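Peer 1: Give me the fold of what follows.
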Amino acid sequence: MNSQPLPEKDFRFSLKEFAGSLGDLGTFIPLLVGMVRNCGLQLCPVLLLSGIANILTGFLFRIPMPIQPMKAIAAVAIAEGLTESQILSAGILTAGAVLFFGISGLIGWLNRTIPKSVVRGLQLALGLKLFIAGMKMIADTHAWVGWDSAIIAAICGVVILTGKPSSRIPRVLAVFAFGLCLLLFSNPQLLTFHPIGFSWHWPDLSHKSDWLKGLWAGALPQIPLTTLNSVISVCALSTDLFPHKPAHPKRVAISVGLLNLLTCPFGGMPICHGAGGLAAQYRFGARSGGSIIMLGVIKVLLVLLFGGSLLAWLLHFPSSILGVMLMFSGVELAKVCRDQRKKVEIVVMVITAGACLILNTAAGFAIGFLFAWLLISNKILPHKQSG
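Peer 2: This is a model prediction of the structure:
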């Protein structure tokens, strides 16, 4: 009886849906540009394959399920200068683990085993790393005034801070558009673009050292984040927003695993489905899989038509604006830590974040997990169980 209206609800193609699809670009764009500029990730394969992933995801889930960069891998890559092959290796290893968790049913057990305070500590540290990386990019312009300077960064920061949350176009996207305008004013030669500029790139994944680096620096911190934020949390949010067609953890875990195993070996950026992205796209008007399909089609067309020009534009994009965007991406990533209110949770979160910043992310995760076990087991501080 109620099956007739489902096709329209599942796949709406309207201006409102398109505006909603842009809701998560404020995170997607700076992380993408940062990894292309700082780590050697190739723009054309990344954008093309993420666009295809958008289209597949829209049809599979029929809700605005986002395609985001894996934030732990992206933050470590940008802050520590991982290479393309190390980033892709980390994505493949994470995908293999998440796919196994989904197929085997271990996703529920992991959700119960990994303390949320440890995951929040990782997110806090990674957010701070992005924030610091953004500040460094602004400082590296060595200019107070000019097309790419501290004053431009300050103006963009004020725009982002003072923008209205109800705006249909993400404020960070407006800042990115402003950056493109400055780019063209300061580099008018870039207006001579190269149509049909797409070129394929085959990454080299043959070195064991890259796989080891990808495992320790990227995959180990990313696996718990993906498990909780990109599987458990996004499914819980989808139940709240779309009670008639919620996403299920097993299906989402398998989706994350397969998408990365099918794209990373060909140069695709490690991607996931995130609760923050779903919330942002819903807030800006996305209500169906149609919004994500439209975004995917636009990505594919941009790459096929203007691939060569897009790369040149990104390489000359003002570092001051990219730095501001990275700083606010870091803030957004760290903001989720506000749900940790108990003394034990805060202690574990701070210890985890501090160890990540002082040592590295993998060591921080191990130390945080150890302290969480000691605290919760009453080995260090007495811990009262609630309720």
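
Peer 1: and residue 268, that's in a helix?
Peer 2: No - secondary structure assignment (DSSP: H, G, I helix; E, B strand; the rest coil) places residue 268 in coil, not in a helix.

Peer 1: Quickly note the distance from it to residue 203.
Peer 2: 9 Å (C-beta to C-beta, to the nearest Å). All C-beta atoms are positioned from the backbone trio N, CA, C, and that covers glycine.

Peer 1: do residue 338 as well
Peer 2: According to C-beta to C-beta, residue 338 and residue 203 sit 38 Å apart.

Peer 1: Same drill for these two, tell me which one is more crowded.
Peer 2: residue 203 (21 against 8; other C-beta atoms under 10 Å).

Peer 1: So the more buried one versus residue 302, what's the distance?
Peer 2: With distances taken as C-beta to C-beta, residue 203 is found 21 Å from residue 302.

Peer 1: Please apply the same query to residue 252.
Peer 2: Computed with C-beta to C-beta, the distance linking residue 252 and residue 302 is 27 Å.

Peer 1: Settle it for me: which of these two has more neighbours?
Peer 2: More crowded of residue 252 and residue 302, by other C-beta under 10 Å: residue 252, with 26 against 17.

Peer 1: pretty sure that one is touching residue 235, no?
Peer 2: Yes - look at residue 252 against residue 235 with C-beta atoms under 8 Å: they come within range, at 5.8 Å.

Peer 1: mind listing the strands for the stretch 251-387 of the chain?
Peer 2: Chain-ordered strands for the stretch 251-387 of the chain, with DSSP state E, counting those that start in this stretch as the definition, fall at 271-272.

Peer 1: can you give me the helices in it?
Peer 2: 275-283, 289-315, 319-335, 343-358, 361-376 (DSSP state H, counting those that start in this stretch).

Peer 1: Of those, which stretch is the most buried?
Peer 2: Highest mean neighbour count among the helices of the stretch 251-387 of the chain (mean count of other C-beta atoms under 10 Å): helix 319-335, with a mean of 24.

Peer 1: Now do that one, average pLDDT.
Peer 2: For helix 319-335, the mean pLDDT works out to 82.

Peer 1: Tell me the bridge partners for the residue nearest to the spatial centre of the chain.
Peer 2: Geometric centre of the chain, nearest residue: residue 69, 3.3 Å, by C-alpha atoms, centre = their mean. Note on residue 69: beta-bridge partners by DSSP bridges are residue 271.

Peer 1: how near is it to residue 33?
Peer 2: From residue 69 to residue 33 the distance is 11 Å (C-beta to C-beta).
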